[in-house]
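Engineer: All I have is the shape, not the residue letters:
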């Protein structure tokens, strides 16, 4: 969730202000303010610069990481199992969790060598969805760098805090 990015901008303001970045993919974001506290998540699926589908939601008591994971879960749920697309997240923790760590945790009975896995309920759900969509690539993108659709997802994630989406 933006501190200095698009979090306070409406979706139409984001579309007017930003123009760079990939024009195809699914872009996700989530956050809580303060952390922990109330928060939101959002995703937007875009093909050649046109919005195919978007979603967003809110939780009255949550954390940044739970909202980032929820955004990814909702995004993957919206994709068919045969989808071939890149899903972008500005949470490197979430990307690494699914791309690098979850497979080993699953093999160990969902245990880490260094202690319990935080947000295990969401991690397991996201990992299961990712395994069922082998054509979906999860990729990290830098937050608040002016990429249109990442900023748009950020605006969706903070929509709950504004009167105008």
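Structural biologist: Noted; the coordinates are in hand. As the structure is a computational prediction, the values presented were derived from the model and not from experiment.
Engineer: use CA for all of it now, contacts and neighbours both
Structural biologist: Noted.
Engineer: Sheet partners, orientation included, of the lengthiest strand in the chain?
Structural biologist: The strand spanning the most residues in the chain, taking DSSP state E as the definition, is strand 50-62. Each strand that strand 50-62 pairs with, and the sense of that pairing, follows from DSSP bridges: strand 37-47 (antiparallel).
Engineer: mean confidence score for the strand it pairs with?
Structural biologist: For strand 37-47, the mean pLDDT works out to 98.
Engineer: In it, which of the residues would be classed as buried?
Structural biologist: By neighbour count on 16 or more other C-alpha atoms under 10 Å, the buried set for strand 37-47 is 38-46.
Engineer: Which of those residues sits closest to residue 60?
Structural biologist: Residue 60 has its nearest neighbour among the buried residues of strand 37-47 in residue 38, at 4.3 Å by C-alpha to C-alpha.
Engineer: give me every residue that touches the closest one.
Structural biologist: Under the criterion of C-alpha atoms under 8 Å, 6 or more residues apart in numbering, the neighbours of residue 38 are 32, 58-63.
Engineer: so how far is residue 44 from it?
Structural biologist: With distances taken as C-alpha to C-alpha, to the nearest Å, residue 38 is found 21 Å from residue 44.
Engineer: if you skip the residues just before and after it, what's nearest to the residue nearest to the spatial centre of the chain?
Structural biologist: Using C-alpha atoms, centre = their mean, the residue of the chain that lies closest to the mean C-alpha position is residue 28, 3.0 Å off. Closest residue in space to residue 28, ignoring its immediate chain neighbours: residue 43 at 4.3 Å, by C-alpha to C-alpha, 6 or more residues apart in numbering.
Engineer: Residue 123 too?
Structural biologist: residue 69 is the one closest to residue 123 (C-alpha to C-alpha, 6+ apart), at 7.2 Å.
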